[in-house]
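K.L.:
Let's see this in three dimensions:
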Amino acid sequence: MVVKILLGLAIVLLVLMAYVRLSPNDPARFHVEVAATPQRMAGGVIEVIPGDAETVQALDRIARATPRTRLFAGSPTGGHVTYITRTAFWGFPDFTTVQQRDDQIVIYARLRFGRGDMGVNSARVSDWLQRLQTVE
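P.N.:
Sure, this is the predicted structure:
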């Protein structure tokens, strides 16, 4: 009986893991215009910094060097790009949009599943901004 329960739980966990890793991500939902108001929210953060096209290019290099992060939509040369970063074990997707607006760069990092991210998105954006300071 205990073995059947454990086997059932293992199957449920595998199905959930497969759903998180394999479910489609719609660019129309995550590659969006970003509000230019800095704010913290459950599961995400919006940061606004001064910058130009070169700043977007530098952030692109930093993002692509971040583990488990890849380009999701857009283009750094177009001034509007979104990256997807997955957690190591479960593969939860987080999305980070970098958008140039005149002489500002707006960075919007948020989760896809759940209500809270334990500060992961805010920490990633802070790390990117610290690394950006060493580049400039």
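K.L.:
Give the rounded mean pLDDT of stretch 31-38.
P.N.:
For stretch 31-38, mean pLDDT is 85.
K.L.:
in that stretch, what's buried?
P.N.:
Of the residues in stretch 31-38, 31, 34 count as buried by neighbour count, 16 or more other Cβ atoms under 10 Å. Yep, even glycine has a C-beta here, placed from its N, CA and C like the rest.
K.L.:
Could you tell me the end-to-end distance of it?
P.N.:
18 Å (Cα to Cα, to the nearest Å).
K.L.:
what's the distance between it and the middle of its chain?
P.N.:
The chain centroid and the centroid of stretch 31-38 are separated by 14 Å under Cα atoms, centre = their mean, to the nearest Å.
K.L.:
Over to stretch 114-132?
P.N.:
8 Å.
K.L.:
Stretch 53-67 now?
P.N.:
13 Å.
K.L.:
What mean pLDDT does that stretch get?
P.N.:
Across stretch 53-67, the average pLDDT comes to 97.
K.L.:
Stretch 1-16 too?
P.N.:
Stretch 1-16 comes out with an average pLDDT of 92.
K.L.:
Ok, stretch 91-103 next?
P.N.:
Average pLDDT, stretch 91-103: 94.
K.L.:
Endpoints of stretch 37-49, how far apart?
P.N.:
11 Å.
K.L.:
what residues are up against the residue nearest in space to the middle of the chain?
P.N.:
The chain has F95 as the residue nearest its centroid, 2.7 Å off, counting by Cα atoms, centre = their mean. For F95, the contacting residues are 25, 30, 72, 82-85, 109-112, by Cβ atoms under 8 Å, 6 or more residues apart in numbering.
K.L.:
what's the answer for T66, then?
P.N.:
Neighbours of T66 in contact, by Cβ under 8 Å, 6+ apart: 83, 85, 124, 127-128.
K.L.:
Which strand or helix spans the residue nearest to the centre of the chain?
P.N.:
strand 93-101 (DSSP states H and E).
K.L.:
So what are the sheet partners of that strand and their directions?
P.N.:
Strand 93-101 sits in its sheet next to strand 80-86 (antiparallel), strand 104-111 (antiparallel), going by DSSP bridges.
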